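[1] Return atomic coordinates for the entry below.
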Amino acid sequence: MMEGEVSHDQITRLLSEQEFTSKNLWKEVKSTVRQIECEDACLIFDDTIQEKQWTDENEIMCWHYDHCEGRTVKGINVLNALYYSGDVSIPVAFEVIRKPILFSDITTVKSSVPAWSLKTS
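    Next comes the predicted model:
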């Protein structure tokens, strides 16, 4: 897409310099949204799952129901918000879905919390 102007390593370094949040994204796109905002614009919410079947499970790398596949898949689930105005859509927010409780036993209704989430003294 960048015709060789930006390398994979440059992107990796940029992303590893800090933790990017939804707040960072909004600061970057706010002025553009203000330029194109209009009365009949809308917010579109959608989630996406990046499947990672061979990666170890944790609170963000876990099982999610994929409606496109019609089954559960292991991966990262991200909720996205797009501002849509005219023919332009701009990402304005995102949230990585976290699941700190791995499962619930149906017969006892007791939750199993992963060991890495327990605080030790």
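[2] what's the closest non-adjacent residue to Ile97?
    Asn77 (4.0 Å; Cβ to Cβ, 6 or more residues apart in numbering). Yep, even glycine has a C-beta here, placed from its N, CA and C like the rest.
[3] So what touches the longest helix seen in the chain?
    Using DSSP state H, we find that the single longest helix of the chain is helix 22-36. Residues outside helix 22-36 that contact it (Cβ atoms under 8 Å, 6 or more residues apart in numbering) are 83, 85-86, 88, 90-95.
[4] among these, which are in strands?
    83, 85, 88, 90-95 (DSSP state E).
[5] ok, the residue nearest to Ile97 - contacts?
    If you count contacts by Cβ under 8 Å, 6+ apart, Asn77 has them with 47-49, 64, 96-97.
[6] I'd assumed it was in a strand, is it?
    Yes: counting by DSSP: H, G, I helix; E, B strand; the rest coil, Asn77 is part of a strand.
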